[in-house]
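Enquirer: here is my input, please return the structure:
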Amino acid sequence: MDRIEKREFVAELSAVFADTSMVVVTQNKGLTVEDVTKLRRKMREAGVSFKVAKNRLALLALEGTRFDGIAPLLKGPTALAWSADPVAAAKVAVDFAKTNDKFVLLGGALGNQVLDVEGVKALSELPSLDSLRAKILGLIQAPATKVAGVLQAPAGQLARVFSAYADSQKGEAA
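Expert: Coordinates of the predicted model:
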């Protein structure tokens, strides 16, 4: 990388740190190309970005951001995972670490809060933002469905009374 590329990379990573809510720091010493490809595919499917970054450049990008607390974690071969959904990055990283012992979680940060490995694991157990939205939507729609059913019931009963009355009138006329 020449100087211009390094500056662009630091600027790009700084913009990421300004926009995202969650960053997970991992160590990927000894992963095969096939393993890294699988990991990147899983990350992409979950809406997570994953980048192997030179620690020196990542440290420059961290300066002055709310994630500067993860600077001590950037030692050795590290990679960063981030996403708009705070749970997605943690969930994919923890799931992949369970199946591959060469992929090690080092920690992360949720906003200003620096997380250790246990904190990242705890965060990964939470439901994702999409599933929370679906649950809230279900809770909102359930009462509306019940109200509609209650409002329709008297009308149905009234229709049955009129139908019975009409049938009784036909019976008397015959």
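Enquirer: could you find the closest non-adjacent residue to Arg66?
Expert: Using Cβ to Cβ, 6 or more residues apart in numbering and skipping residues adjacent in sequence, the residue nearest Arg66 is Asn112, 4.9 Å away. For the C-beta atoms, the positions are set from N, CA and C on the backbone; glycine is no exception.
Enquirer: make that Leu115, sorry
Expert: Gly108 (4.8 Å).
Enquirer: in its sheet, which strands sit next to the strand or helix carrying that neighbour, and in what direction?
Expert: Here Gly108, judged by DSSP states H and E, is contained in strand 104-110. Paired strands of strand 104-110, with direction, are strand 22-27 (antiparallel), strand 113-115 (antiparallel) (DSSP bridges).
Enquirer: okay, it in CSV with CA atoms only?
Expert: Taking Å, rounded to 0.1, in the frame of the first residue of the first chain, the C-alpha atoms of strand 104-110 are listed here in CSV:
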residue,chain,number,x,y,z
VAL,A,104,-10.8,-16.4,18.2
LEU,A,105,-12.9,-13.6,19.6
LEU,A,106,-10.9,-10.9,21.3
GLY,A,107,-13.7,-8.5,22.3
GLY,A,108,-15.5,-5.6,20.9
ALA,A,109,-17.4,-2.4,21.5
LEU,A,110,-21.0,-1.4,21.5
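Enquirer: so the residue nearest to Arg66 sits against Thr65, correct?
Expert: No. Using Cβ atoms under 8 Å, Asn112 is not in contact with Thr65; the gap is 9.8 Å.
Enquirer: the more surrounded of those two?
Expert: More neighbours surround Thr65 than the other of Asn112 and Thr65, with 19 against 10 (other Cβ atoms under 10 Å).
Enquirer: mind listing what the more buried one touches?
Expert: 14, 17-18 (Cβ atoms under 8 Å, 6 or more residues apart in numbering).
Enquirer: then Gly47?
Expert: 83-85, 88.
Enquirer: by mean pLDDT, point me to the weakest helix or strand of this protein.
Expert: helix 129-173 (a mean of 68; mean pLDDT, DSSP states H and E).
Enquirer: quick one: mean pLDDT over the helix or strand that contains Val10.
Expert: Assigned by DSSP H and E, Val10 belongs to helix 3-19. Helix 3-19 comes out with an average pLDDT of 87.
Enquirer: surely the residue nearest to Leu115 touches Thr20?
Expert: No. Proximity of Gly108 to Thr20 does not meet the contact threshold set by Cβ under 8 Å, at 11.1 Å.
Enquirer: and those two? Which one has more around it.
Expert: Using other Cβ under 10 Å as the criterion, Gly108 and Thr20 rank with Gly108 on top: 29 against 22.
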